[in-house]
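*Asks:* give me a model of this one.
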Amino acid sequence: MTRKSDPVPADKEIVHNRITVLRAERGISRRDLAAALGVHYQTVGYLERGEYSPSLHLALRIAEYFEVPVEVVFSLKPFPRIGDTP
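*Replies:* Coordinates of the predicted model:
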């Protein structure tokens, strides 16, 4: 629930990500990704489910790990589903 004084509605603060897709494409487990990033494997799960938004530092490290721009991994808007037409 948002109050009139809230500058941004809570549902607009969600950071969407493609970590699950990127991991699946590369055959990387949550534990392997977590070890490479130096975080607990549950943190990767929280990120994937959108229960936790990463710090800028962690977001950049994840993008670097997958060798893609950060915008490929994270977005403030939902990513289109595979197969959806633009």
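
*Asks:* from what I see, Arg23 and Arg30 are in contact.
*Replies:* Yes: in this structure, Arg23 is within contact of Arg30 by Cβ atoms under 8 Å, at 7.2 Å. Yep, even glycine has a C-beta here, placed from its N, CA and C like the rest.

*Asks:* tell me the confidence at the residue nearest the centre of the chain?
*Replies:* Taking Cα atoms, centre = their mean as the criterion, Asn17 is the residue nearest the geometric centre of the chain, at 3.2 Å. Looking at Asn17, its pLDDT reads 96.

*Asks:* the closest residue in space to Ala36 that isn't next to it in sequence and Ala24, how far apart?
*Replies:* Counting by Cβ to Cβ, 6 or more residues apart in numbering, Ala36 lies nearest to Tyr65, which is 5.8 Å off, once chain neighbours are set aside. For Tyr65, the distance to Ala24 (Cβ to Cβ, to the nearest Å) stands at 15 Å.

*Asks:* and these two? Which one has more around it.
*Replies:* Set side by side, Tyr65 and Ala24 show more neighbours around Tyr65, with 16 against 10, by other Cβ atoms under 10 Å.

*Asks:* surely the more buried one touches Ala35?
*Replies:* No: applying Cβ under 8 Å as the test, Tyr65 and Ala35 come out as separate, 10.9 Å apart.

*Asks:* remind me, longest helix of this protein?
*Replies:* Identified as the longest helix of the chain according to DSSP state H is helix 56-66.

*Asks:* for that one, buried residues please.
*Replies:* Within helix 56-66, the residues that qualify as buried are 58-59, 61-63, 65-66, counting by 16 or more other Cβ atoms under 10 Å.

*Asks:* in CSV: the residues you listed, plus pLDDT and distance to Tyr41.
*Replies:* Output for the buried residues of helix 56-66, formatted as CSV (pLDDT from 0 to 100; distance: Cβ to Cβ, whole Å):
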residue, pLDDT, distance to Tyr41
Leu58, 98, 14
Ala59, 97, 18
Arg61, 98, 15
Ile62, 98, 14
Ala63, 98, 19
Tyr65, 98, 14
Phe66, 98, 17
